[in-house]
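In: Structure for the following, please:
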Amino acid sequence: MTQENISNYRDYIANKIFNDSEKVPWTTISKAKAELVKASNDSRFADMKDEVEIIKKYIDDLEKDFSS
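Out: Numbering: from 1, shown residues only. So this is what the prediction gives:
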């Protein structure tokens with residue numbers, strides 16, 4: 001794959017995950033973070049704090065990787 005193709009795919013993915021439009025059919029970074037906050041405050045997920053933190057770190061890493 002050429003560097004140009006890689007760059008185009010990264011731009012495409014970044015556009016998807018940072019799009020905060022209400023009408024997008026996929027989960028964005030901000031929506032995923034909002035859902036994690038809900039899960040953190042939901043007693044049904046009290047025993048899953050470690051898993052929530054792992055997911056939060058993954059999302060933070062995605063955000064960092066695609067912000068540049």
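In: going forward, measure contacts between C-alpha atoms and count neighbours the same way
Out: Fine.
In: For the protein, just list every one of the helices.
Out: Using DSSP state H, the helices of the chain run over 3-17, 29-40, 49-67.
In: Mind listing what's buried along stretch 21-35?
Out: 28, 29, 31, 33 (16 or more other C-alpha atoms under 10 Å).
In: right, I mislabeled it, should have said stretch 49-65
Out: 52, 56, 59, 63.
In: what's the nearest residue to the spatially most central residue of the chain if we skip its chain neighbours?
Out: Nearest to the mean C-alpha position of the chain, counting by C-alpha atoms, centre = their mean, stands residue 29 at 3.3 Å. Distances taken as C-alpha to C-alpha, 6 or more residues apart in numbering place residue 17 nearest to residue 29, at 5.5 Å, with adjacent residues excluded.
In: Could you report the pLDDT at the one you found?
Out: At residue 17, the model reports a pLDDT of 88.
In: Check the burial of it by counting its neighbours.
Out: As a burial measure, residue 17 scores 19 neighbours (other C-alpha atoms under 10 Å).
In: Next: residue 16.
Out: 16.
In: And for residue 1?
Out: 5.
In: And for residue 3?
Out: Counted with other C-alpha under 10 Å, residue 3 comes out at 8.
In: Residue 9 too?
Out: 12.
In: Distance check, it against residue 46.
Out: 37 Å (C-alpha to C-alpha, to the nearest Å).
In: And for residue 29?
Out: Where residue 46 is concerned, residue 29 sits at a distance of 23 Å (C-alpha to C-alpha).
In: can you pull the contacts of the residue nearest to residue 29?
Out: Residues in contact with residue 17, defined by C-alpha atoms under 8 Å, 6 or more residues apart in numbering, are 27, 28, 29.
In: For the last one, give its distance to residue 22.
Out: In other words, residue 29. As judged by C-alpha to C-alpha, residue 29 and residue 22 stand 13 Å apart.
In: Read off the pLDDT value for the residue nearest to residue 31 when sequence neighbours are not counted.
Out: Of all residues not flanking residue 31 in the chain, residue 20 sits nearest, at 7.9 Å (C-alpha to C-alpha, 6+ apart). Looking at residue 20, its pLDDT stands at 81.
In: Residue 68 now?
Out: Reported pLDDT for residue 68: 71.
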